[in-house]
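S.K.: take a look and give me a structure for this.
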Amino acid sequence: MCTHGLLSLPFSEDRESSTYDLEAPGNHIHCAAQQHAKKLGTELASFDIDSLDLLAPAISTIKKCAATLIDAHGSRGSLCLGSTETLLDPIDLGLRESALEILVVGSCWQEAGRWEHAAPPGCLIIGYTGKLLAGASHGLITHAADLGDLRGIPEGREGAGAMADWVQTRSHPASKRADKWFVARAKP
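M.R.: Numbers count the residues shown, from 1 in each chain. From the prediction side, this is the model:
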């Protein structure tokens, strides 16, 4: 069973851009995440999907993981699936009844209040309220196997600063925007 999960919901333009491949075409960002996980001896379940048909099986697996990163475009506290026309409310993902202890939402324009009732009670939820830069997103994805390191991160402003530092060490220095991160716990 995988202890860590990675769920990407990219747009077709993402797949066609060079930013989705690392350094050279064919070196897919999920391959880099899997290679990093393998070096750490961590089992990583990764999914790269763009349709509702593929979402349910991916969620079924992700629900069994202790730590998961959801990588998606965001809008008004929701996730975009394939385009900005298909919005998913966090509660509709069905993660409330899951084994998640840490959930990182690597998406733009997220709201803590929308996620506090979408994850299991007590789950640590980390998200971004502004426009998440591609460099930060890549750092999150390629280091999804490191999410367990966040287990002791405090809630609130102190945790937001710690998360900004965590992301900065794994990605681009411009991603250090502590005022845009939120760190909260899911409510009962």
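
S.K.: gap between the longest helix along the chain and the chain center?
M.R.: Longest helix of the chain, by residue count under DSSP state H: helix 156-170. How far helix 156-170 lies from its chain's middle: 15 Å, per CA atoms, centre = their mean, to the nearest Å.

S.K.: bridging residues for residue 87?
M.R.: Beta-bridge pairing for residue 87 (DSSP bridges): residue 80.

S.K.: can you list contacts of the next helix or strand after the longest helix of the chain?
M.R.: Going down the chain from helix 156-170, the next helix or strand is strand 181-185, by DSSP states H and E. The contact list for strand 181-185 (CB atoms under 8 Å, 6 or more residues apart in numbering) reads 110, 112, 115-116, 122-129, 153-156, 159-164. Yep, even glycine has a C-beta here, placed from its N, CA and C like the rest.

S.K.: can you do 7 Å?
M.R.: For strand 181-185, contacts defined as CB atoms under 7 Å, 6 or more residues apart in numbering pick out 112, 116, 122-129, 153, 155-156, 159-160, 163-164.

S.K.: repeat for stretch 162-173
M.R.: 126, 133, 135-136, 138-140, 143, 150, 153, 175-178, 181, 183.

S.K.: quick check: mean pLDDT across it?
M.R.: For stretch 162-173, the mean per-residue pLDDT is 84.

S.K.: buried set for that stretch?
M.R.: Using 16 or more other CB atoms under 10 Å as the test for burial, stretch 162-173 gives 162, 163, 164, 166, 167, 168, 170, 171.

S.K.: now do the helices in this protein.
M.R.: 12-16, 29-40, 52-62, 112-115, 134-142, 156-170.

S.K.: most packed of the ones you listed?
M.R.: Greatest average neighbour count among the helices of the chain goes to helix 134-142 (a mean of 22), per mean count of other CB atoms under 10 Å.

S.K.: low-scoring stretches of this structure, by residue?
M.R.: For the chain, the stretches flagged by pLDDT under 70 are 1, 12-27, 172-176.

S.K.: how many residues are close by residue 131?
M.R.: Residue 131 has 11 neighbouring residues, counting by other CB atoms under 10 Å.

S.K.: can you name the residues that contact it?
M.R.: Residue 131 makes contact with residue 108 under the criterion CB under 7 Å, 6+ apart.

S.K.: next one: phi and psi at it?
M.R.: Here is the backbone geometry of residue 131 (degrees, to the nearest 10): phi -90, psi 110.

S.K.: ok, now how distant is it from residue 35?
M.R.: To residue 35, residue 131 is 28 Å away according to CB to CB, to the nearest Å.

S.K.: also residue 158?
M.R.: 32 Å.

S.K.: my guess is residue 144 contacts residue 70. True?
M.R.: No - counting by CB atoms under 7 Å, residue 144 stays clear of residue 70, with 10.2 Å between them.
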